[in-house]
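Trainee: This is a predicted model, with the sequence first.
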Amino acid sequence: MSAWKHRVDGEESPYTPLGPFKLRLPFYHYRFELPDYLQGLLMCAVDLAAIPLMMQLLGMPFEAALAIVILNGLLYLLHHLLGDPVIPGWITPAIPLLMAYVATFPEGVDRVHALIAFQMMLGGLAIGLGVTGMASKVVRLIPSAIKAGVIMGAGLAAIVVVFDEGGRFEQYPFTITIAVGVAFYLIFSRHFNKLKAQGGVR
C-alpha cells in the first residue's frame, strides 16, 4: 500500500531511511500531482536546450548530446529521491562566458577536455565552499550590484544571440514569438495573477 496515503497534513513526507539520506520514491512515498508533472515537462524543455549548444560548440552528434542531457536529468533527480533539500540548477549566467572560454580551444577532443576540466574545477570549488561553510560568506562578500550585473548580462547576452542579425529568431520566428508571448503572460499578466490567487499559488 502506498505510504503517502497515511501522511498527515503538516507532517514530514514518508520516506525510507537510507544511511544519511531519506529515500522517497514516486507513487509510493508521494502521489502524482499535476502541477509537479507540468513543471517537470517544462524542465525537460530547459534541459533539451543544451543539445544544440553542445552540437554547435563541442561538435557532438545529436545522440551523444541527448545522452548527456538524460544523464544530467537523472542526476538532478538524485537530490529529490535522496531527500536532499537542494534545488539544483544550471549556472545559467556563466553560459556566455563558458561558451567564449571553450571557443578558444580547437573543436573536438581539446574543447571537450577544456569543458570537463572547467566543470571539475567548479565542482571542487563548490564542494570546498560547502564543506568549509564559506559559501554563505562568499555570497555576502560579493556586492549586490555585481551579482545583479552578472544576471542581467546573461539575460542580455541571450537576447542578443536570439534577436541579433543572423540570430536564431530568423530560423524559428513563430516558435520564439509564441514562447516570448507566453513568458510575458505568465510574468506580467494581471489575469494570470488572479488565476494564481484563486488556485492558492504563491
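Mentor: Arrived safely. Remember, it's a predicted structure, so these values are computed and weren't measured experimentally. Numbering: from 1, shown residues only.
Trainee: Give me the average confidence score over stretch 70-78.
Mentor: For stretch 70-78, the mean per-residue pLDDT is 83.
Trainee: Buried residues, the helix of greatest length in the chain. List them.
Mentor: The residue-count maximum for a helix in the chain (DSSP state H) belongs to helix 109-132. Buried residues in helix 109-132, counted by 16 or more other C-beta atoms under 10 Å: R111, V112, A114, L115. C-beta coordinates here come from the backbone N, C-alpha and C atoms, glycine included.
Trainee: Dump those residues into JSON lines; add distance to D47 and pLDDT as well.
Mentor: Listed next are the buried residues of helix 109-132 as JSON lines, based on distance: C-beta to C-beta, whole Å; pLDDT from 0 to 100:
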{"residue": "R111", "distance to D47": "21", "pLDDT": "89"}
{"residue": "V112", "distance to D47": "19", "pLDDT": "88"}
{"residue": "A114", "distance to D47": "22", "pLDDT": "91"}
{"residue": "L115", "distance to D47": "17", "pLDDT": "87"}
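Trainee: CSV for the residues you listed, including distance to A103?
Mentor: Shown next, in CSV, are those (distance: C-beta to C-beta, whole Å):
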residue, distance to A103
R111, 8
V112, 13
A114, 10
L115, 11
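Trainee: What count of nearby residues applies to the closest residue to G83 other than its chain neighbours?
Mentor: Sequence neighbours aside, K22 is the residue nearest to G83 in space, at 3.1 Å (criterion: C-beta to C-beta, 6 or more residues apart in numbering). Using other C-beta atoms under 10 Å, K22 has 18 other residues around it.
Trainee: you'd agree K22 is up against Y30?
Mentor: No. Contact between K22 and Y30 fails when scored by C-beta atoms under 8 Å: they sit 11.9 Å apart.
Trainee: Against which helices or strands is the helix or strand that contains L57 packed?
Mentor: Using DSSP states H and E, L57 maps to helix 50-58. Using 3 or more C-beta pairs under 8 Å, 6 or more residues apart in numbering; DSSP states H and E, the elements in contact with helix 50-58 are helix 62-81, helix 95-102, helix 109-132.
Trainee: if we can go back for a sec, contacting residues for the residue nearest to G83?
Mentor: Y15, T16, L82, G83 (C-beta atoms under 8 Å, 6 or more residues apart in numbering).
Trainee: try F169
Mentor: V162, F163, I176.
Trainee: my guess is P17 is in a strand, correct?
Mentor: Yes. Membership of P17 in a strand is supported by DSSP: H, G, I helix; E, B strand; the rest coil.
Trainee: Bridged to it, which residues?
Mentor: K22 (DSSP bridges).
Trainee: Distance check, it against P173.
Mentor: 53 Å (C-beta to C-beta, to the nearest Å).
Trainee: ditto for I116
Mentor: Taking C-beta to C-beta, one finds I116 at 36 Å from P173.
Trainee: Low-confidence stretches in the protein?
Mentor: Residues of the chain that meet the criterion pLDDT under 70 lie in 1, 86-93, 199-202.
Trainee: burial count for M54?
Mentor: M54: 19 neighbours (other C-beta under 10 Å).
Trainee: ok, it touching N72?
Mentor: No. Taking contacts as C-beta under 8 Å, M54 lies outside contact range of N72: 10.7 Å.
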